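Q: what's the 3D shape of this:
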Amino acid sequence: MERFNAELALPMAVMLSLTLLVWVYMFVTRMRYLTAHEIDAEQLKTPADVQAKIPGEVSGAANNFKNLLEMPVLFYVTCLYLTVFGMVDALHVNCAWIFVLGRILHSIIHCTYNRVMHRFIIYLVSSIAVWVMIVRGLLAAS
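A: Numbers count the residues shown, from 1 in each chain. Below you'll find the model as predicted:
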């Protein structure tokens with residue numbers, strides 16, 4: 001019987017932890033701003049309302065949180081796919097860590113000084129790492 005390979009579990013756990021940390025940071029930042037500016041939650045019924053009432057520098061964490069529910073979904077699914085079908089190898093694990101470290105840097109940039117080109121380069125590298133995982137997994141399955 002083949003031993004279950006859980007090498008992608010830790011990168012997935014780190015991504016989940018990052019998502020939680022960004023959510024907490026977003027919550028605290030937003031609540032602090034709403035309280036300081038006496039904004040009633042009822043004034044924030046739509047995304048357009050939120051955008052009109054909360055400035056960009058306060059919305060960085062919220063925007064980053066949304067990003068953590070986009071490309072990372074492919075990462076989670078790919079990690080699970082590779083694990084379930086016994087396709088995990090050293091390159092997949094390295095790509096997973098490249099993705100995770102990239103997303104950590106992306107989040108730090110997005111939630112702080114928010115330079116678009118810095119974010120974009122890191123996004124591109126981390127996304128390529130996931131696409132390598134996906135393509136290799138698909139090729140191995142055929």
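Q: which of the residues in stretch 94-112 are buried?
A: The neighbour-count check on stretch 94-112 (16 or more other CB atoms under 10 Å) flags 95-111 as buried. Just so you know, the C-beta spots here come from the backbone N, C-alpha and C atoms, and that holds for glycine as well.
Q: now swap in stretch 31-47 and tell me
A: 33-34, 39, 44.
Q: now the residues you listed as CSV including secondary structure, distance to residue 68 and pLDDT?
A: Shown next, in CSV, are the buried residues of stretch 31-47 (DSSP: H, G, I helix; E, B strand; the rest coil; distance: CB to CB, whole Å; pLDDT from 0 to 100):
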residue, secondary structure, distance to residue 68, pLDDT
33, helix, 20, 94
34, helix, 22, 93
39, coil, 25, 93
44, coil, 21, 90
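Q: what's the distance between residue 18 and residue 75?
A: From residue 18 over to residue 75 the distance is 11 Å, taken as CB to CB, to the nearest Å.
Q: oops, could you answer that again for residue 47 instead?
A: From residue 47 to residue 75 the distance is 25 Å (CB to CB).
Q: same check on residue 48?
A: 30 Å.
Q: kindly report the same for residue 111.
A: 19 Å.
Q: which secondary structure elements does the lowest-mean-pLDDT helix or strand in the chain contact?
A: Lowest by mean pLDDT, DSSP states H and E among the helices and strands of the chain is helix 47-53, with a mean of 90. Judged by 3 or more CB pairs under 8 Å, 6 or more residues apart in numbering; DSSP states H and E, helix 47-53 is in contact with helix 56-67.
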